[in-house]
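> return atomic coordinates for the entry below.
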Amino acid sequence: MIFGLSGHSGGLESLSQERLKRMIPQLEEMGFASMWINEEHFQRSDPDRNRHGYSPLIYAAAVAAMTARLRIGFSALLLPLHHPLRLAEEIATLDRLSEGRIEFGISRGHPGRYFEAYGVDPDKRTEQFRGTLNAVLRYWQDDEVVPGDAQTRCAPSPVQQPHPPIYVAAYSDESVRWTAENGHRLILHGIQSTSSLERCLSVYEKFGGDRSTVPTGRFLYVGESDEQAREDMLPIIAALTKKLRHIRSERFALIHDEEDLEPERFYHRMAIIGGPETCRQRLAELRDGLGIEYVNLLPSFFGLLPEEKLERSLSLFSKALIQ
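Below you'll find the predicted structure:
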């Protein structure tokens with residue numbers, strides 16, 4: 001199986017800035033293949049945690065500078081908030097600086113304060129998403145840019161040709177089908193239930209997609225034993241499910257039931273928690289039962305896991321389940 005990290009700060013949001021800069025260069029030696037960075041805005045800095053609202057593009061550039069092999073993706077960029085020409089330039093620049101390691105993860109986003117703050121009409125987000133994507137692809141294919149009477153071209157061009165791989169974050173059957181029919185890859189989030197994962201993967205496969213290529217998020221914590229992991233994680237799961245219930249909206253009805261946010265059920269069904277052997281078995285169930293070959297860990301549990309436990313869990317995961 002392929003393993004990546006995903007989330008705010010690429011899944012490392014529990015870490016202080018000092019520890020973050022030490023950890024990122026170690027990820028390649030630990031065996032992780034990729035880091036996927038969320039686009040989020042207006043996060044308040046918590047004095048007890050470090051869930052800062054880093055710019056995903058600037059953060060990606062820093063990760064590229066600190067690594068040599070790690071694939072760097074977005075989970076995902078909210079296309080309606082971006083100007084297509086600037087985005088084409090910036091993603092191509094990242095692809096150049098990283099020597100072809102960028103995964104272009106994108107989403108149409110959901111109505112809320114982001115759209116209001118950026119002056120974007122949420123009712124037109126699907127139209128803007130597809131229009132922006134089409135424009136970015138045209139710019140990468142040497143389409144002319146005509147400012148006034150001049151004619152020029154977007155620069156630089158990406159290293160990866162014809163362009164970096166496109167991953168679409170989608171939940172609904174319609175969006176998943178559109179993703180497959182247009183030859184794009186799918187990316188799935190860690191807050192999806194198993195039944196939601198199976199529904200999305202089945203639709204994607206039905207319309208031509210390959211489920212083995214789908215990065216699939218899972219909250220994951222490895223302890224020394226099942227008992228020690230449970231002791232560490234029960235308070236974290238209680239806080240996380242409380243947070244998810246607070247932000248639950250209509251779109252979440254597509255990806256999990258209200259009952260899935262009951263702490264014990266979440267612990268056993270929505271997350272992978274335990275000693276190394278239990279985590280190995282749970283990952284094998286994803287592979288053998290759903291055909292999932294690419295798992296993105298959400299290891300900091302939305303920044304709720306203390307940094308010492310995050311680092312210990314990643315180390316145990318690396319030694320017991322990757323290397």
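
> now the host helix or strand of residue 309: buried residues?
Per DSSP states H and E: residue 309 is located in helix 307-317. Of the residues in helix 307-317, 307, 309, 310, 311, 312, 313, 314, 316, 317 count as buried by neighbour count, 16 or more other CB atoms under 10 Å. Yep, even glycine has a C-beta here, placed from its N, CA and C like the rest.

> the second one contacts residue 232, correct?
This means residue 309. Yes - the criterion here is CB atoms under 8 Å, and residue 309 meets it with residue 232 at 5.9 Å.

> which residues do the two both contact?
residue 221 (CB atoms under 8 Å, 6 or more residues apart in numbering).

> about what we covered before: what's in contact with the helix holding residue 309?
Against helix 307-317 from outside (CB under 8 Å, 6+ apart): 3, 12, 14-16, 19, 23, 30, 50, 220-224, 232, 276, 279, 297, 299-300, 305.

> list buried residues within those.
Counted by 16+ other CB under 10 Å, those give 3, 12, 14-15, 19, 23, 30, 50, 220-223, 232, 276, 279, 297, 299-300, 305 as buried.

> among those residues, name the ones in helices.
The helices, defined by DSSP state H, take in 19, 23, 30, 232, 276, 279 from those.

> out of those, flag the one nearest to residue 88.
Closest to residue 88 out of these is residue 23 (30.9 Å), distances taken as CB to CB.

> quick check, pLDDT for that closest one.
Residue 23 is assigned a predicted lDDT (pLDDT) of 97.

> and it, how far from residue 317?
Applying CB to CB, to the nearest Å, the value for residue 23 to residue 317 is 13 Å.

> give me the contacts around stretch 12-26.
With CB under 8 Å, 6+ apart as the criterion, stretch 12-26 contacts 5, 7, 9-10, 35, 49-52, 62-63, 66-67, 299-300, 302-307, 310-311, 314.

> most centrally placed residue in the chain?
Central residue of the chain (CA atoms, centre = their mean): residue 75, 3.1 Å from the mean position.

> which stretches of the stretch 101-250 of the chain form strands?
Ranges of strands within the stretch 101-250 of the chain are 102-107, 144-145, 152-153, 166-169, 185-187, 215-222, based on DSSP state E, counting those that start in this stretch.

> helix or strand with the lowest mean pLDDT in this structure?
Ranked by mean pLDDT, DSSP states H and E, the weakest helix or strand in the chain is strand 144-145, scoring a mean of 72.

> point out where the stretch 51-200 of the chain drops to low pLDDT.
For the stretch 51-200 of the chain, the stretches with pLDDT under 70 are 51-52, 111, 143, 146-149.

> sounds good, over and out.
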